[in-house]
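> no sequence on hand, only this structure:
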């Protein structure tokens, strides 16, 4: 069982920059990691959860939340405000009899799918498939 530790991910900039997500907490089987800016409302967050369903499937859920924060002035008082949040949710579910290679294959297919040109066009450019 791996110990929760920092996760470093590159962003999507023309010259990618590393972002370090540091462990925040583990609660109810869900681990959270954040890239802190010092203002909690602006923290980029990753959560990783594991559970077992009522029919015995092992389920893993990954979530990334990326807020866009702007200073908003109300009655002369300026404060940082999350004006929108982007989310990505990925879940995996396996039967209790699944083998390691099955799980490795599904993870590899999913990771490679996220690099596919069609998927990139849909997500990055908001294009539709025809």
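Okay, I see it. Being a predicted model, the structure only gives us computed values, none of them experimental.
> ok, residue 17 - contacts?
Residue 17 is in contact with 10-11, counting by Cβ atoms under 8 Å, 6 or more residues apart in numbering. Bear in mind the C-beta positions are built from the backbone N, C-alpha and C, glycine included.
> tell me the pLDDT at it?
Residue 17 is assigned a predicted lDDT (pLDDT) of 96.
> so what's residue 26 up against?
Counting by Cβ under 8 Å, 6+ apart, residue 26 touches 4, 32.
> helix or strand: which one has it?
strand 18-27 (DSSP states H and E).
> list the strands paired with that strand, with their directions.
Paired neighbours of strand 18-27 in the sheet (DSSP bridges): strand 7-10 (antiparallel), strand 30-35 (antiparallel).
> buried residues, it. List them.
Of the residues in strand 18-27, those buried under the neighbour-count criterion (16 or more other Cβ atoms under 10 Å) are 21, 24.
> just to revisit the earlier point, which one of the strands paired with strand 18-27 lies nearest to residue 108?
Between residue 108 and those, the tightest spacing by Cβ to Cβ is seen for strand 7-10, at 18.1 Å.
> give me the contacts around the closest one.
Defining contact as Cβ under 8 Å, 6+ apart, one finds that strand 7-10 is touched by 16-21, 33, 46.
> next: stretch 112-130.
With Cβ under 8 Å, 6+ apart as the criterion, stretch 112-130 contacts residue 12.
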